[in-house]
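Student: Starting from these lines, generate the structure:
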Amino acid sequence: MLFVTVVSSAQAPAAPPIDQLVRNLQSKYDSVRDFSADFEHRYTGGLLSVSLVETGTVLIKKPGKMRWRYATADEKLYVSDGETFYSYFPLDRQVIVTEVPPDDRASTPALFLAGRGNISEDFDASYEDAPASPDTWVIRLTPRVANADYEWLLVTVDRRSLSITGLSTADVQGGQSTYIFTRLEENQDPADSVFEFTIPDNVDVVSYNPLLR
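Tutor: Reported below is the predicted structural model:
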């Protein structure tokens, strides 16, 4: 796994004890109300042993609001207003509508980024023995309650700012999904209207919430 970050000529800080880093990371995590970034998404493995690289942009606003736009040939859009999550596939003319879990658990990696979960209370943390830039740390977060759709998260953070520059996880089919974030901007206060989604005409709508059928 390769996490790409900007390499600084200054000496990077030494690794603190993991408990201290988690406390510092939680403080940083709490201070970020929203962020935007370009992303590269790499997926490998799974039942079909696929290898896929996609790019796009992401905008997240706590709590729970998200907008992921995949700009590659297979265009996709994922939007959440904090209560309902829309997955739009223009080429297939399909929208999948799901209800966002009402509790505060980070049941998916995306919800973790969107402010669900408490790093110090909900996860066991350790340093990951994985290749990384001299300016980043890679931390393995394992949920203490086994009810998420992942067994662990690998979080890459900038050593100075503690901003999250990468996120990786494995799914139940054995595939590994990695996001690399660049051009990161924090606390820009985007309008809530950015996270609204209107279902287009003449598309198939699939709902996993009976109330939305």
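Student: Just give the number of residues close to the nearest residue to Asp124 once chain neighbours are set aside.
Tutor: Excluding the flanking residues, the one nearest Asp124 by C-beta to C-beta, 6 or more residues apart in numbering is Thr142, at 4.7 Å. To be clear about C-beta, it is placed using only N, CA and C from the backbone, and glycine gets the same treatment. By other C-beta atoms under 10 Å, 15 other residues sit near Thr142.
Student: Which residues are in contact with Thr142?
Tutor: Thr142 sits next to 123-126, 151-152 when contact means C-beta atoms under 8 Å, 6 or more residues apart in numbering.
Student: Nearest to the middle of the chain, which residue? Look it up for me.
Tutor: Residue closest to the average C-alpha location in the chain (C-alpha atoms, centre = their mean): Ala110, at 3.8 Å.
Student: Could I get the pLDDT score of the residue nearest to it when sequence neighbours are not counted?
Tutor: The shortest distance from Ala110 to any non-neighbouring residue, by C-beta to C-beta, 6+ apart, is to Met66 (6.1 Å). If you check Met66, the pLDDT there is 94.
Student: shift numbering so it begins at 36
Tutor: Shifting the count to begin at 36 puts that one at Met101.
Student: which residues are in contact with the helix or strand where Met101 lies?
Tutor: Met101 is part of strand 100-105 when elements are defined by DSSP states H and E. Contact with strand 100-105 is made by 74, 76, 89-95, 110-117, 120, 145, 148-149, 227, 229-230, as judged by C-beta under 8 Å, 6+ apart.
Student: sorry, back to before: quick one: secondary structure of the residue nearest to the centre of the chain?
Tutor: Secondary structure, DSSP: H, G, I helix; E, B strand; the rest coil: Ala145 is helix.
Student: which sections of this protein are below the confidence cut-off?
Tutor: Of all residues in the chain, those with pLDDT under 70 make up the ranges 36-48, 81-84, 138-142, 165-167, 182-183, 244-248.
Student: Strands of that one, residue ranges please.
Tutor: Ranges of strands in the chain, per DSSP state E, are 69-80, 85-96, 100-105, 111-116, 119-124, 129-134, 158-162, 171-178, 188-193, 199-205, 211-221, 239-242.
Student: residues contacting the residue nearest to the centre of the chain?
Tutor: By C-beta under 8 Å, 6+ apart, Ala145 lies in contact with 101, 103, 113, 115.
Student: returning to that earlier point: can you say which of the strands of the chain is nearest to Leu60?
Tutor: strand 188-193 (6.4 Å; C-beta to C-beta).
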